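In: One predicted model, sequence on top.
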Amino acid sequence: MQQVQGVVARKKGAPVEIVTINVPDPGPGEAVVKVQSCGVCHTDLHYRDGGINDDFPFLLGHEAAGIVESVGPDVRGLAPGDFVVLNWRAVCGQCRACTRGDLHYCFATHNAKQKMTLDDGTELSAALGIGSLAEKTLVAAGQCTKVDPAARPAAVGLLGCGVMAGIGAAIHTGGITRGRSIAVIGCGGVGVAAIAGAALAGASPIIAVDIDAKKLAKAKELGATHTVDSSKTDPVEEIKRICAQVYEGADGADVVIEAVGRPETWKQAFYARDLAGTVVLVGVPTPDMKVPDLPLIDVFGRGGALKSSWYGDCLPSRDFPMLVDLYRQGRLDLDAFVTEEIALTDVEAAFDTMHRGDALRSVVIF
Ligand code: APR
Ligand code: ZN
Ligand code: ZN
């Protein structure tokens with residue numbers, strides 16, 4: 001066991017604290033990782049505010065890259081010194097989803113079996129089964145994906161959550177390929193990542209929709225071919241107009257990604273897609289939100305697919321190395337997602353920055 005500093009949410013809604021935590025030595029199938037960078041995600045804030053569950057105290061953080069320090073018994077293919085990106089879906093390979101072939105929907109993902117604890121022995125709940133806003137963290141070996149060690153940790157660590165969710169929503173869930181049209185409603189970190197993913201896949205046009213001009217400018221940098229300020233124009237009409245301009249007769253985009261997580265924007269996505277098109281909900285709604293009241297005849301008439309995307313339907317062992325390689329080649333600008341590099345003590349301030357909508361990602365550097 002060793003003691004390190006970590007960011008803990010002790011009480012619902014209370015500011016986070018930097019405290020000493022105990023990290024056990026790795027047991028069977030486990031690894032201890034020396035964290036080099038960790039992004040601050042909306043989900044950390046949801047944990048702090050009790051929006052996920054009430055298993056306080058939480059050790060926050062889950063968008064990390066670092067170096068494996070030690071591994072426990074029965075760990076294969078991972079060794080001290082390996083550079084890894086952490087993931088919160090280490091597939092089991094045995095559950096119904098896995099055996100059916102939908103590994104990205106594994107119901108029984110692996111986390112570390114042992115608990116990290118506070119100085120007084122109180123067990124910590126690791127946010128999303130990781131808890132990487134700490135100098136070191138204990139994870140299941142399957143939560144570590146080895147990637148090119150020459151990559152910048154602050155950038156590639158973001159693949160651990162929001163950026164992967166966005167890219168995957170476009171290429172995996174949405175099935176975006178060359179020559180498909182796409183619109184993305186909501187251009188925060190997740191939406192802009194969907195745009196970057198669509199650009200990588202060769203989609204055209206790539207239409208970014210937001211109510212904030214700053215976000216639209218960023219979307220353009222990451223590959224949007226058109227932008228629509230939906231506080232000024234009807235996004236449904238505008239998406240249809242742009243798509244028809246490019247593809248004669250098109251009645252919307254082949255794929256529309258909803259990256260806000262609200263009924264009204266989901267409804268826009270529903271009507272902005274072409275006949276037989278796909279709607280992908282990747283923004284996370286709150287439990288009280290309802291599916292908008294839609295004429296069933298419109299669901300029938302437009303056909304296609306209404307999907308949701310959880311972690312971008314990713315498979316970390318397949319996707320992380322590929323995306324890191326594309327980053328290293330200069331084809332995927334992961335650096336653009338790192339708005340600021342901060343210290344461990346600045347996490348609470350990063351939540352404020354997030355509220356103001358000023359950052360794609362604040363990343364703690366260790
Ligand atoms: N129409 C279009 N865009 C909107 C609207 C709207 N009505 N309302 C908000 N937006 C935009 C915001 O301006 C912002 O750019 O949606 C974007 C949301 O981005 P972020 O708050 O940065 O969230 P992000 O990290 O991208 O995550 C998106 O997925 O993980 C979840 O909780 C997260 O629900 C959130 C969603
Ligand atoms: Zn499984
Ligand atoms: Zn996250």
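Out: Noted; the coordinates are in hand. Ligands and ions are numbered 1, 2, ... in the order given.
In: what about stretch 123-139, how long is it end to end?
Out: 15 Å (C-alpha to C-alpha, to the nearest Å).
In: Sorry, wrong one. I was asking about stretch 200-215.
Out: 20 Å.
In: Let me see the confidence value for the residue in the stretch 251-366 of the chain that ligand 3 sits nearest to.
Out: Going by C-beta to the ion, ligand 3 is nearest to Tyr311 of the stretch 251-366 of the chain, at 8.9 Å. All C-beta atoms are positioned from the backbone trio N, CA, C, and that covers glycine. What the model reports for Tyr311 is a pLDDT of 94.
In: Run through the residues that contact it.
Out: By C-beta atoms under 8 Å, 6 or more residues apart in numbering, Tyr311 lies in contact with Trp88, Arg89, His104, Cys161, Met164, Ala165, Gly168.
In: So what does Val32 have for phi and psi?
Out: Main-chain dihedrals, Val32, degrees, to the nearest 10: phi -100, psi 130.
In: So it versus ligand 1, what's the distance?
Out: 28 Å (C-beta to the nearest ligand atom, to the nearest Å).
In: And Gly249, by the same measure?
Out: For Gly249, the distance to ligand 1 (C-beta to the nearest ligand atom) stands at 27 Å.
In: Backbone dihedrals for that residue, please?
Out: Dihedral angles of Gly249 (phi, psi; degrees, to the nearest 10) stand at phi 90, psi -10.
In: hang on, the earlier thing: just the buried ones from the contacts of Tyr311, in ChimeraX syntax?
Out: Per 16 or more other C-beta atoms under 10 Å, the buried members of the contacts of Tyr311 correspond to this ChimeraX selection:
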select :88,89,104,161,164,165,168
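In: Mind checking which of the contacts of Tyr311 are in helices?
Out: Met164, Ala165, Gly168 (DSSP state H).
In: Could you report the neighbour count for Val4?
Out: 17 (other C-beta atoms under 10 Å).
In: can you pull the buried residues of the helix or strand containing it?
Out: For Val4, the host element (DSSP states H and E) is strand 2-9. Residues of strand 2-9 classed as buried by neighbour count (16+ other C-beta under 10 Å): Val4, Gln5, Gly6, Val7, Val8, Ala9.
In: In contact with the fourth one, which residues?
Out: Contacts were defined as C-beta under 8 Å, 6+ apart; by that measure Val7 touches Val16, Glu17, Ile18, Leu59, Leu60, Gly61, Leu133, Ala134, Leu344, Val347.
In: which among those residues gets closest to Ala155?
Out: Gly61 (16.6 Å; C-beta to C-beta).
In: how many other residues sit next to that closest one?
Out: 31.
In: could you measure it against Ala349, distance?
Out: 15 Å (C-beta to C-beta, to the nearest Å).
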